[in-house]
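> this one's structure only:
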């Protein structure tokens, strides 16, 4: 198959080393793929696409009519992660989440981290994701970020960096599970002889995490997933997770607060709700506490939450820890709370907030990636080396007008993975979003969502911007024994 | 269960059953229109839907093409097969976590099938394959639902919805006979008349079961079979017996008592049919009887809304639809 003509592009390739040979752990997969013809591979790809369509693993394209429902593009060539690499990533993520959870708790309570001079107080006060309404709150078991999706990238030299932490309502985990299911359904041959960590117990672990977070004294909690509704682009995932956990999927209008207690409207009257896995942003949760124009939320919900009668996962206010300006302080935050050295490094970041750093950024806009501090989904991003003079000028103006709202990072060369196209296999840039559950223990789903920038040369992997995904295999420790021939 | 979920399960099923029955209506006319004596009579098909005014506002004459267009792929008409299947799937999408994966996949495939055919320009020339597929898809979904979904409260709402919709639509199939004109008054009781009655049976998939039960075709026996038979699964009486059973499963009340208006209305209608003779139907006038039956079914639908889907808007008159 076309792998023999695979052209690397001077990046770190996840499958092949600099000399074009398969990396350790990848040889068996490369060998397997080479026994397949191009036509066969295309056939597997088409079967996978058809399966996704049939299973309704689709998202709605905004502003279009009924017919414009698309599958999230999926590439059948898997991305491999060696066990030892994964161990390193996993321990780094556990450490990071433990520290960030302590940080959020501290920010809304004693603020030791500010008093000790580790994080500047004005940076917190000026963050749009800071919620004064959460001051003094003590969520059950001290857990604020129950579910996190952290974005990792690998640079040219092979180092894995944390690009951003998503502690609000990270999405994508349903695709990890469904991608694996589709691969097994349409391309079972490729798994033979491999030992791959399973991803199927995520819903079970999520349920366990949510049960653990129940208000004190509730032994058999009623759990629900709160969705903004079917027009939300992540609706598939909300529905999927509720289905897999066997809990109700509710909309704001299904919930009602009586006597600082949350209930859902059922055919037999009101039923008490103990834990809400909410997939709605803080701003929309409760029109009485946050945005008054929100129709998605539940009036009085924050009040019930403050009274300790219902748990919200993730806790409101946690977004302060994934503010892109706070991001820069995460290494210090880890040292401060855990007295450990960070295992996974941050991408070097310039805060435009700081006049000196801002000056440097403005002088090097054409080399940098500039990001608004409180956006996600790849919106409002400037990629300096790919931008036109007008785009750079426009960005300059925005940064000068509101420096607090911007950070800049040197442009990383994201690692690549072989990706299947009609007539060829070509390298495409990828990132990795592992999912971390923080409950009685801190658990990381093996692998995570590999997002791939399908456009040639692009480094933007977001699905709203032409990205796709791949199945991600974490190979078991003893894989070499099992595959033979390597 | 959540009221909103119960409502979506209810309407998901009604729309699927409705799509199937529209395919059956068209089918009865196909049978008749191919014989020259009834050729050209497409208006009755619109009349039985109860949506004649809407049809006349948008189409000039009731031709084969215009009526087929309306009933199959007219996206503006809320009760076309296309609209029904879209709304069924939309409802299914909001309750994917409640229904089984197999159900969802079948409904999703049904939707994609109808969307694809709606864009096929030659479909209206020979809609037979399309209509046959619509019927089969609905039957498949019913089978998968019964075989893969726990027969709990949600399933009972599904069953209730299917049986109410089917009772209404079977009565409408029977009503076609009222609207279709015989060439002359002397043709009553002639072979032409017999052919028309048996076409009704065919479109309710009832001809062979009818033969085993009654033998030769007679108007009284056909009406009795489609309205009052206790064992044929598309007869109005059968449907009401099953609907009542499902409703009582939901409320948990015994057959001797009622706990809400829906149970009261449904129980009363069902018990009337228990003891009704078909001769009384004809004495009263079959069309008038069916008219009354349909408006009582609508009242039952409204009462279910009030009792279980609180906050839902009032349904449309005559042919009930869901407003979301």
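Done, it's in. As the structure is a computational prediction, the values presented were derived from the model and not from experiment.
> ranges for the helices of the stretch 151-300 of chain B?
B:153-179, B:191-203, B:207-214, B:219-228, B:236-251, B:261-274, B:278-284, B:286-308 (DSSP state H, counting those that start in this stretch).
> hang on, residue A:94 packs against residue A:444?
Yes. At 6.5 Å, residue A:94 and residue A:444 qualify as touching, with contact defined as Cβ atoms under 8 Å. All C-beta atoms are positioned from the backbone trio N, CA, C, and that covers glycine.
> these two: who's more crowded?
Ranked by neighbour count (other Cβ atoms under 10 Å in any protein chain shown), residue A:94 and residue A:444 place residue A:444 first, with 20 against 17.
> OK, contacts around that one?
Neighbouring residues of residue A:444 by Cβ atoms under 8 Å, 6 or more residues apart in numbering or on different chains: A:89, A:90, A:93, A:94, A:434, A:435, A:436, A:437.
> who in the stretch 201-350 of chain A is up against chain B?
For the stretch 201-350 of chain A, the contact set with chain B under Cβ under 8 Å from any Cβ of the partner chain comprises A:225, A:229-230, A:235, A:239-240, A:242-243, A:247-251, A:253-254, A:264-267.
> ok, residue A:56 - how many residues close by?
By other Cβ under 10 Å, 22 other residues sit near residue A:56.
> phi first, then psi, for it.
Recorded main-chain torsions at residue A:56 are phi 70, psi 30, according to degrees, to the nearest 10.
> got the contact list for the residue lying closest to it once chain neighbours are set aside?
Spatial nearest neighbour of residue A:56, chain neighbours left out: residue B:108 (4.5 Å); criterion: Cβ to Cβ, 6 or more residues apart in numbering or on different chains. Applying Cβ under 8 Å, 6+ apart to residue B:108 gives the contacts A:54, A:55, A:56, B:89, B:92.
> the third one and residue B:103 touch, don't they?
Read it as residue A:56. No. Applying Cβ under 8 Å as the test, residue A:56 and residue B:103 come out as separate, 11.4 Å apart.
> please, which helix or strand holds residue A:427?
According to DSSP states H and E, residue A:427 maps onto strand A:425-433.
> which strands and helices lie in contact with that strand?
On a contact count with 3 or more Cβ pairs under 8 Å, 6 or more residues apart in numbering or on different chains; DSSP states H and E, strand A:425-433 meets strand A:74-81, strand A:147-154, strand A:416-420, strand A:449-453.
> roughly how far is it from the heart of the chain?
Relative to its parent chain, strand A:425-433 has a centroid offset of 16 Å by Cα atoms, centre = their mean, to the nearest Å.
> can you tell me the SS state at the residue in the stretch 101-250 of chain B that chain A sits nearest to?
Taking Cβ to the nearest Cβ as the measure, the stretch 101-250 of chain B has residue B:108 as its residue closest to chain A, at 4.5 Å. With DSSP: H, G, I helix; E, B strand; the rest coil as the basis, residue B:108 sits in helix.
> and the residue nearest to residue A:56, what pLDDT?
At residue B:108, the model reports a pLDDT of 95.
> for residue A:72, give its distance to residue A:446.
From residue A:72 across to residue A:446, the span is 21 Å (Cβ to Cβ, to the nearest Å).
> which stretches of chain A have low pLDDT?
Counting by pLDDT under 70, chain A shows low-confidence ranges at A:1-2, A:59-69, A:375-379, A:463-464, A:477-486.
> report back the residue of it that's furthest from centre.
Distance from the C-alpha centroid of chain A peaks at residue A:268, with 37.9 Å (Cα atoms, centre = their mean).
> quick check: it vs residue A:254, distance?
Relative to residue A:254, and taking Cβ to Cβ, residue A:268 is found at 14 Å.
> ok, now residue A:13?
According to Cβ to Cβ, residue A:13 stands 48 Å off from residue A:254.
> then residue A:444?
The gap separating residue A:444 from residue A:254 is 32 Å, by Cβ to Cβ.
> show me what contacts residue B:262?
Contacts of residue B:262 (Cβ under 8 Å, 6+ apart): B:247, B:300, B:303, B:304, B:306, B:307, B:308.
> keep only those that also lie close to chain A.
Applying Cβ under 8 Å from any Cβ to the contacts of residue B:262, those adjacent to chain A are residue B:308.
> ok, so of the contacts of residue B:262, who is nearest chain A?
Using Cβ to the nearest Cβ, these come closest to chain A at residue B:308, 4.8 Å.
> that older thread, show me just the buried residues among the residues of the stretch 201-350 of chain A next to chain B.
A:225, A:230, A:235, A:239-240, A:242-243, A:247-251, A:254, A:264-267 (16 or more other Cβ atoms under 10 Å in any protein chain shown).
> so which of the residues you listed belong to helices?
Judged by DSSP state H, the subset of those located in helices is A:235, A:239, A:240, A:242, A:243.
> name the nearest residue to the second one, sequence neighbours excluded.
Here the nearest residue to residue A:239 in space, its sequence neighbours aside, is residue B:96; by Cβ to Cβ, 6+ apart that works out to 4.3 Å.
> got it, and the first one?
The shortest distance from residue A:235 to any residue that is not its chain neighbour, by Cβ to Cβ, 6+ apart, is 6.2 Å, and that residue is residue A:227.
> cheers, nothing more for now.
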